[in-house]
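1. My questions are about this predicted structure, shown below with the sequence.
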Amino acid sequence: MRQNVLFHGIPEEKNENCTTKMTEMLRKLKYPNTFGFEVVHRLGIYNPQSDRPRPIIAKMGSFSQADVLLKFGSKVKDQLRITPQTPTELRECRKQLVEVAEAARQKDRSCTSKFIAGELYLNNERHVHPLPRPTVRDILLMSDAEKKEAAETKFITTSRVVDGSTFTVRCAEAHSLPDCRALYKSLLLHPDNMSATHNTAAYRL
């Protein structure tokens, strides 16, 4: 999903070729890089009664290509709206951040808020949004697919024995809050962590 970008407000045409359409549009806007499209199509089910065109989703060849295109989108936002495709948990997180911003402005009318790369800044200071920890219910209701994915998670592990106690550190790469939450589940399911007397989790995006 991190390789996907969405194009909004593009008029729909019968028998259109979305790849050709977006390639030509980006050329007109003088996009300086290679396009790197793998798959391009409309998102959702066509509704002939709707005047609102469905967004076009494009899967890029790599995350770096998607990132370059999104940065270009910020320069031509008056002509073309380009956004990342975000999972449900990330959209919920942004919704909560909007509520935080509104509450801050109600408390202090002089408070300024803005979003930069999906992060909230209040009075030019980055707001740290707490990671919602998985509950016992979340763990117990994990599907077989989620458990399999958790079991296959690769961690960099190192251990050290101090005064008869074993301290183990497990690290993994995360790119979003949902990633952190998924890794947290994987850690909680690990046999060593389940039997440990103390567990501490930390993350940085």
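-> Yep, it's here.
2. From here on, just use CA atoms for contacts and neighbour counts.
-> Fine.
3. ok but Phe7 is inside a strand, no?
-> Yes. Membership of Phe7 in a strand is supported by DSSP: H, G, I helix; E, B strand; the rest coil.
4. neighbours around it, how many?
-> When neighbours are defined as other C-alpha atoms under 10 Å, Phe7 has 20 of them.
5. Check Pro55 too.
-> Neighbours of Pro55 (other C-alpha under 10 Å): 20.
6. Run through this protein and note the low-pLDDT ranges.
-> Applying pLDDT under 70 to the chain flags residues 1, 87-93, 117-118, 128-137, 139-140, 177, 194, 203-205.
7. Output the longest helix belonging to it.
-> helix 88-107 (DSSP state H).
8. Check the offset of it from the chain's centre.
-> 16 Å (C-alpha atoms, centre = their mean, to the nearest Å).
9. May I have it as CSV, with CA atoms only?
-> What follows is helix 88-107 as a C-alpha-only set of coordinates in CSV (Å, rounded to 0.1, in the frame of the first residue of the first chain):
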residue,chain,number,x,y,z
THR,A,88,-8.2,2.4,7.7
GLU,A,89,-6.2,2.7,11.0
LEU,A,90,-4.1,5.5,9.5
ARG,A,91,-7.2,7.4,8.4
GLU,A,92,-8.7,6.9,11.9
CYS,A,93,-5.5,8.3,13.4
ARG,A,94,-5.6,11.4,11.2
LYS,A,95,-9.3,11.8,12.2
GLN,A,96,-8.2,11.8,15.8
LEU,A,97,-5.4,14.3,15.0
VAL,A,98,-8.0,16.7,13.4
GLU,A,99,-10.0,16.5,16.6
VAL,A,100,-6.9,17.3,18.6
ALA,A,101,-6.2,20.3,16.4
GLU,A,102,-9.8,21.6,16.8
ALA,A,103,-9.7,21.1,20.6
ALA,A,104,-6.4,23.0,20.7
ARG,A,105,-7.9,25.9,18.7
GLN,A,106,-11.0,26.0,20.9
LYS,A,107,-8.7,26.2,24.0
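10. what's that helix packed up against?
-> strand 119-122, helix 177-189 (3 or more C-alpha pairs under 8 Å, 6 or more residues apart in numbering; DSSP states H and E).
11. Helix or strand: which one has the residue nearest to Ser186 when sequence neighbours are not counted?
-> Among residues not flanking Ser186 along the chain, Ala150 sits closest, at 4.7 Å (C-alpha to C-alpha, 6 or more residues apart in numbering). Element membership for Ala150 (DSSP states H and E) is helix 144-151.
12. Could you point out the helix or strand that follows that helix?
-> Helix 144-151 is succeeded, C-terminally, by strand 156-162 (DSSP H and E).
13. Could you tell me how far the next helix or strand after that next one lies from the centre of the chain?
-> Using DSSP H and E, the helix or strand that follows strand 156-162 in sequence is strand 165-171. Chain-centre distance of strand 165-171: 29 Å, with C-alpha atoms, centre = their mean.
14. Neighbouring strands of strand 165-171 in the sheet, and parallel or not?
-> strand 156-162 (antiparallel) (DSSP bridges).
15. Residues touching the strand it pairs with, excluding its own?
-> 166-172 (C-alpha atoms under 8 Å, 6 or more residues apart in numbering).
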